[in-house]
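Enquirer: A structural model of the following input is requested.
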Amino acid sequence: MADKPAKFDVYARPYVPQELKYAPAPSIHYYDYVLSFAGRWLDRSRDAGTTQNQDEPVEFETTSPADKEAYVPFFSRAFTREVEALQTECEEYDIVPGLRENNIRVEVGDIVHVRQLRLDHRGELLTNTITDAAGMAIVTAYPVDVQHDAVVCAINRQYEVLTLRIDQLFPGGYVFNVCFTLQHTRLEALHTALYEADHALRYTENTWLRSMLFPENCDCAMQRRLNPMFSTLAVFDCSLNSDQKRAVEAVLDQKYGTVPYIYRGRREQAKHSDSAHLLLCAPSDQASDTLVERLARHLQPANLLRLNSSTRSAAEVPASILPWCYMADNLFTLPEFPVIMEKRVVVVTCRDADMLHKARLCNRDIFQLECNIHAKLHRTAPLVVPRLHWTSVIIDEAAQALEMEALLPLLVVAPPNVAAPEVIRPSVIMVGDEHQLGPRTASKDPAIQRSLFERILARPQSKGVIKPLTQGMLPILRPPFTNLIRNYRSHPAILAIPSSLFYNDTLEPHAKNTDALLAWSGFEGRQMPVLFTDVRAPDECQLDGGGWYNEGEAEVALTTAQSFLSEGLLEQQEICIISPFRAQVKAFQGLESRLVILCTTRTRDRFVDQDIAKGLGVIHEPRRFNVALTRAKERLIVIGNPHALDQDDDWAPFLAFCQRNSAWRSEHEDDWQAPHSSKIKTSRLEKRIAYRNGVETRANGIERRLGNLKFGMSEDETIWQSGVAVEKMLEEEDGENEVTAHE
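Expert: Numbers count the residues shown, from 1 in each chain. Sure thing, here's the model as predicted:
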């Protein structure tokens, strides 16, 4: 078989001499060594806690464990592949830039191997043994080739600067070989959680965890009566709609059974029970901080705690939420036992939930502690049945969490195996959007890339659309999920393409005051708040393996932002310029801005395949594409090269949408033509916008038929009447098209 022709790799690692790459004290991969001569004839582990069938074959293509028996074998294999990929990722960035793109996972407190390089008077590298002219070894005052275990004290990703603490460093040169290592302590909690889950699934009679990981119809509740027309729920946020209130009410009353409750859409805030103790988790520190910022408007520090890892520095935490955090000796830590037990809401990342587990602050330990104390104090009294401390866990942005990360908070709130039937089981609520960013992994194994949130959504109990309930449909399983299709952030034109591509054209825009920026001169009087700017400047790479940038797009973005400022339409903090090659799209998920200017950066399609392999860019990345487009509230301006973008089946409909709505600005004479794609179609929201604006979108034209709305009508009545008129017009138009086609 002929070798494939060699191609230039823009992500190729820079050449580093072998003597610089050499790392002292190399470690032996004992698992690979044993595997090389013994294969699988020897047990992988001798630990008593391991599962006997963990070496059962699991197909790579499988994305979900079939049942509880296959749970640990499935994720053990996936976890092994992820660890191997993480180790490879660390090795790739030895002496190589990559902090700016967040390619290498480095956190404060990590251990980094450092070797001090020494040069002679000729500038040549000194090796382990220094000899004289006669070949005799020379004993030096300071040892050569010594490895130091340095500790990361601070990180500045913008300038790719790591601050390290190195003890017992000899003077005589400050040139070092730095080797990043896999932080096994960061992975140990995930490994432990996996086997604890296996023990609970297979060797205990308690079915709570099984119903959370593998819900069945018998775990759901049966609905025998129609839902009440109005909700009496008292909430913090009075703007909650009926669907949101009904979902919150179902969670508080646990009307849906012993299964996870799924919120698909944007989270909202609601009142919790006075006796509840809520564990609120998110996959990242940024998302957790955002939750605290919103809850801090309603909860005082006495009731709300932001629990941070001890490796996190105070400078990383927003100053506005520091009063809700706990520090001792300038380190984040756990409050004293009585203090943390009084908190109504504790916010922590999914991984840092292990702090509660290690501190024995999970439900089963607290339950056992209370039982033991009561038994010692009251030997002749009947046994008490304590209430569980943690009554609920909510995982926000759950679609971004690894399943093993989601296990950590689940195990914190899990009821004890000996809990009596009358003990109220804790509820589990997961909020997220499977069409936005998923878990960030080093391995491309679909088994590890699929979140628990997405896996639960694929099960029969949580799949599908909730239909209007009638008396004839009763009794019926109460659906343990809510699809929140009302969008209170963005203008309808901004939602048109994401709704059509990712949400079955079901999103309903309900944002108010989204037309304030139509007066911008760049829109030239058009009633369309979306604009694509055709820029074909070349993309360039900064340093070796560093960030991509596009000077032409940056110049257009800056000019556009200055135009909004000079016309007095926006303040500087209301404008956001994002680029997918600086980890900004991922960091921006969950946030929003009145004006978003998206620089797609990539203009040379020959590098797209390498972008995909590295998980960078917004081409052939549907989730990142969806996140980038839906951050804007009132205006969205995209800058890029249409000929590089249209090879993506998601970008092509967006470009076609901009072109047919005259939302296109270009200085190039060759007009871009939309490619043939089944995804390029006029969405429901686009038809509604066209009808409202009186735009002719077809040869026969569409006349505005809403007329003058009656004075004195409520807003709901006006929207209803408008919707009926639009629906009637669309039906008539479709009928005319069918007759024409028949003729």
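
Enquirer: isn't Leu304 up against Val348?
Expert: No: Leu304 is beyond contact range of Val348, at 11.8 Å (criterion: Cβ atoms under 8 Å). C-betas here are computed from N, CA, C, even on glycine.

Enquirer: with adjacent residues omitted, what lies nearest to Phe654?
Expert: The shortest distance from Phe654 to any non-neighbouring residue, by Cβ to Cβ, 6 or more residues apart in numbering, is to Ile497 (4.8 Å).

Enquirer: that neighbour - that's part of a helix, no?
Expert: Yes: according to DSSP: H, G, I helix; E, B strand; the rest coil, the state of Ile497 is that of a helix.

Enquirer: tell me, how many residues neighbour it?
Expert: Using other Cβ atoms under 10 Å, Ile497 has 27 neighbouring residues.

Enquirer: residues in contact with it?
Expert: Leu629, Pro653, Phe654, Phe657, Ser683 (Cβ atoms under 8 Å, 6 or more residues apart in numbering).

Enquirer: go through those residues and flag which are in helices.
Expert: Leu629, Pro653, Phe654, Phe657 (DSSP state H).

Enquirer: and Arg77, what element?
Expert: Counting by DSSP states H and E, the element that carries Arg77 is helix 71-92.

Enquirer: list the buried residues for that helix?
Expert: Buried residues in helix 71-92, defined by neighbour count with 16 or more other Cβ atoms under 10 Å: 71-83, 85-86, 89-91.

Enquirer: paired strands for whatever helix or strand comes next after that helix, with orientation please.
Expert: The helix or strand immediately downstream of helix 71-92 is strand 111-117, counting by DSSP H and E. According to DSSP bridges, strand 111-117 forms sheet pairs with strand 147-156 (antiparallel), strand 175-180 (antiparallel).

Enquirer: so how far is strand 111-117 off the chain centroid?
Expert: 33 Å (Cα atoms, centre = their mean, to the nearest Å).

Enquirer: okay, the angle between it and helix 71-92?
Expert: 30 degrees (axes from the mean of the first three to the mean of the last three Cα atoms, to 10 degrees).

Enquirer: where does pLDDT dip in the stretch 51-200 of the chain?
Expert: For the stretch 51-200 of the chain, the stretches with pLDDT under 70 are 51-63, 66, 90-105, 119-121, 123-145, 156-159, 171-173.

Enquirer: residue ranges with poor pLDDT in the stretch 301-450 of the chain?
Expert: Checking the stretch 301-450 of the chain against pLDDT under 70 turns up 419-422.

Enquirer: go with 80
Expert: Scanning the stretch 301-450 of the chain with the threshold set as pLDDT under 80 gives 311, 313, 376, 383-384, 417-424.

Enquirer: can you map out the helices along it?
Expert: 337-342, 354-358, 363-377, 403-413, 446-449 (DSSP state H, counting those that start in this stretch).

Enquirer: so which elements touch the last one?
Expert: The helices and strands touching helix 446-449, judged by 3 or more Cβ pairs under 8 Å, 6 or more residues apart in numbering; DSSP states H and E, are helix 71-92.

Enquirer: which elements pack onto the helix it packs on?
Expert: In this structure, helix 71-92 packs against strand 175-180, helix 184-202, helix 403-413, helix 446-449, with contacts taken as 3+ Cβ pairs under 8 Å, 6+ apart.

Enquirer: buried set for stretch 654-665?
Expert: Result for stretch 654-665 [16+ other Cβ under 10 Å]: buried residues Phe654, Leu655, Ala656, Phe657, Cys658, Gln659, Arg660, Asn661, Ala663, Trp664, Arg665.

Enquirer: before I go, just wanted to say thanks for your time.
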